[in-house]
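K.L.:
Only the shape, not the letters, is given here:
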């Protein structure tokens, strides 16, 4: 594997300490990858767990193909509750010590998490093309998400948004009691009771559960059906049209709909309920017309409540990789590791004054505390004055505490921590400066990792070859439109910017094929802007939307450059989202400049320097 190749293709920055091993280990299959940079997974391989007698032989078999790769960090998602160092898998006769496996493989870090905790953490990263919506409903912003998925077992989890990220639930909700909804399901429950005194959802809403339902319905219908495996039942229903197999699938999907509805009302999952696992994606489009959604909404007095909640099938390949990678990344941000600034403080400590040495001692012993506390608390904990804290920072060559915190946070982990810190009324100018900068940098890094490069390529192509470009924006977004107009006009592209809603549609109606509209809006829901976009498309123009990915504006556009950073623009003035919008204008501008250089837009070579901007080499 060539990590350099993977990184260059993606445009992402490779990890300074080498690739990271990721795995999603179920009861039947284990999926592996080497992550070389954020969002970049190489050497993906699927192995059958039944071919190995333990976790270590399985890991060593995969790593045998990568003997030349030095690995320091790894994270495994396993289909099992994880409560401590000892892991005993539920649906496979494996048990192991996390720390023992870490030592045996020579790793610095080995995390083991529940597989549906990892899948839950992946949900915020999924794009529209990674999902198939089943039924109606619309996802609410900043709302709880639920996820469940039948495979060898039934995984259940959820995601709760917080101020600075997401919290996942380490749930074993698949083991709640199965509750039949009609006489047929009660007959299936009675059949299962013959084998187990406690019948959980997992016993029936799973691969093995499909086989139990098949046998139970055959007995109920008076059929002498031969035993079938879960894959055979699915193919029998969808490919052969077998009546019993079809009844099994309909019953199974109804049960899954009931379990999904219970999860939705338990969590208040207005962000949506997502279906993962290996079984439902095999059903394809048939699942959309199955009893799943009708059963999901069949909740009596709460039918209207559930009708608002969207349900999705996860169609992305190996989605758990994104979640387990995020969990590992967050963990590594919280460890000290190699820290050149810490070493520098240690080396210079003897040259500091006694009071400054007390600050240095606090920084070295409690670095995370220093990053999060205001200057008054740092001074109190170090038993020095606030000016001493500032002198300590300046002795190390920093402008002050804000500058020191920013650099120190970066050196702790090799990257700026992706977090959000609220500014308090009591914060000093130093602290509020650090927090505003940290919040913006964190948002930019997260934005970088979620960029849709294909959409950017399409937007650059449209603008680079446009006959005319018009910007439509109002309020805070108008500043971004004016910046874009200024830049694109310098490329000798006829441009105009409109910030008056009454002029949007009038201007749009004058456009022609080959013209491009760039519509900028945080919400993507302004009626006048949407009407203008409709008029522009009707006139034959293309529309580039810089807005949130799920907005009406995004759906109307030729291409959407998504800015999904959430800000309460009804109460607060949008700040970070404006920075991200400006970044998209800059990226498109650089792309146009490169296109102009490569395409030699000026055949005489005259004034070529006008196409150069500060990001490019001469």
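P.N.:
Arrived safely. Everything numeric here is computed off the predicted structure, so don't read it as measured data.

K.L.:
The stretch of helix or strand residue 43 belongs to pairs with which strands?
P.N.:
Per DSSP states H and E, residue 43 falls inside strand 40-48. Strand 40-48 sits in its sheet next to strand 29-37 (antiparallel), going by DSSP bridges.

K.L.:
Residue 547 reaches residue 553, doesn't it?
P.N.:
Yes. Taking contacts as Cβ atoms under 8 Å, residue 547 lies within contact range of residue 553: 4.7 Å. (Glycine included, C-beta is placed from N, CA and C.)

K.L.:
Could you check how far the strand holding residue 43 is from the centre of its chain?
P.N.:
Distance of strand 40-48 from the chain centroid (Cα atoms, centre = their mean, to the nearest Å) equals 19 Å.

K.L.:
what is the mean pLDDT for it?
P.N.:
Averaging pLDDT along strand 40-48 gives 91.

K.L.:
Please point out which parts of it sit buried.
P.N.:
40, 41, 42, 43, 47 (16 or more other Cβ atoms under 10 Å).

K.L.:
and of those, the nearest to residue 587?
P.N.:
Distance to residue 587, by Cβ to Cβ, is smallest for residue 40 among these, at 18.9 Å.

K.L.:
what's across from that closest one in the sheet?
P.N.:
Counting by DSSP bridges, residue 40 is bridged to residue 37.

K.L.:
What is the neighbour count of the closest residue to residue 558 other than its chain neighbours?
P.N.:
The shortest distance from residue 558 to any non-neighbouring residue, by Cβ to Cβ, 6 or more residues apart in numbering, is to residue 542 (4.2 Å). Number of residues near residue 542 (other Cβ atoms under 10 Å) recorded here: 22.

K.L.:
what about the helix or strand hosting residue 187, distance to the chain center?
P.N.:
Assessed by DSSP H and E, residue 187 sits inside helix 183-193. In terms of Cα atoms, centre = their mean, the centre of helix 183-193 is found 39 Å from the chain centre.

K.L.:
ok, residues contacting it?
P.N.:
With contacts defined as Cβ atoms under 8 Å, 6 or more residues apart in numbering, helix 183-193 is touched by 178, 180, 199, 203-204, 212-213, 215-217, 219-220, 251, 254-255.

K.L.:
Stretch 76-83 now?
P.N.:
Applying Cβ under 8 Å, 6+ apart, the set of residues contacting stretch 76-83 is 22-27, 55, 87-92, 110-115, 117-119, 151-153, 155, 170, 172, 320, 323-324.

K.L.:
Tell me the buried residues in that stretch?
P.N.:
76, 77, 78, 79, 80, 81, 82.

K.L.:
Any buried residues in stretch 493-505, and which?
P.N.:
493, 495, 497, 498, 499, 504, 505.

K.L.:
hmm, back to that, for residue 547 and residue 553, list the residues in contact with both.
P.N.:
519, 521, 524, 560.

K.L.:
on that earlier part again, identify, from the contacts of helix 183-193, the entry nearest to residue 458.
P.N.:
Using Cβ to Cβ, residue 254 comes nearest to residue 458 of these, at 41.5 Å.

K.L.:
Contact partners for the closest one?
P.N.:
Residues in contact with residue 254 (Cβ under 8 Å, 6+ apart) are 181, 185, 290, 291, 292, 294, 295.

K.L.:
Report how many residues lie close to the fifth one.
P.N.:
Here the neighbour count serves as a burial measure; for residue 292 (other Cβ under 10 Å) it reads 26.

K.L.:
where are the low-confidence patches of this protein?
P.N.:
Applying pLDDT under 70 to the chain flags the ranges 1-14, 163-165, 333-341, 343, 409-427, 430-431, 434, 449, 566-574, 595-618.

K.L.:
what's the span of stretch 373-386, first residue to last?
P.N.:
Using Cα to Cα, to the nearest Å, one end of stretch 373-386 lies 13 Å from the other.

K.L.:
what does stretch 131-141 give?
P.N.:
For stretch 131-141, the first and last residues are 17 Å from each other (Cα to Cα).

K.L.:
in it, what's buried?
P.N.:
Using 16+ other Cβ under 10 Å as the test for burial, stretch 131-141 gives 131, 132, 133, 134, 135, 137, 139.

K.L.:
And the first one, how far from residue 145?
P.N.:
Translated: residue 131. Noted for residue 131: a distance of 12 Å to residue 145, by Cβ to Cβ, to the nearest Å.

K.L.:
what's the overlap in contacts for these two?
P.N.:
Common neighbours of residue 131 and residue 145, counting by Cβ under 8 Å, 6+ apart, are residue 274.

K.L.:
quick one on the thing from earlier: what's the following helix or strand after the strand holding residue 43?
P.N.:
Past strand 40-48, further along toward the C-terminus, the next helix or strand under DSSP H and E is helix 55-63.

K.L.:
how about the helices of the stretch 301-450 of the chain, start to end?
P.N.:
Assigned by DSSP state H, counting those that start in this stretch, the helices in the stretch 301-450 of the chain fall at 303-307, 320-333, 340-348, 354-365, 367-372, 375-382, 386-395, 401-413, 429-449.

K.L.:
ranking these by burial, who's on top?
P.N.:
Among these, the stretch with the highest mean neighbour count (mean count of other Cβ atoms under 10 Å) is helix 320-333, at a mean of 22.

K.L.:
Run through who's touching that helix.
P.N.:
20, 22-24, 31, 33, 35, 38-39, 41, 73-77, 109, 111, 113, 115, 117-123, 125-126, 165, 168, 412-413, 415, 417-418.

K.L.:
Do I have it right that residue 69 meets residue 35?
P.N.:
No. Contact criterion Cβ under 8 Å: residue 69 and residue 35 do not qualify, at 11.7 Å.

K.L.:
Which one of those two is surrounded by more residues?
P.N.:
Just comparing residue 69 and residue 35: by other Cβ under 10 Å the higher neighbour count belongs to residue 35, 26 against 15.

K.L.:
what sits against the more buried one?
P.N.:
15, 19, 20, 21, 22, 41, 42, 321, 325.

K.L.:
Of those, which is the nearest to residue 511?
P.N.:
residue 41 (41.8 Å).

K.L.:
and the residue of the chain most remote from its centre, helix, strand or coil?
P.N.:
In the chain, the residue that sits farthest from the middle, by Cα atoms, centre = their mean, is residue 222; the gap is 48.7 Å. Following DSSP: H, G, I helix; E, B strand; the rest coil, residue 222 is assigned to coil.

K.L.:
Find the centremost residue of this structure, please.
P.N.:
So for the chain, Cα atoms, centre = their mean, it's residue 125, sitting 1.9 Å from the centre.
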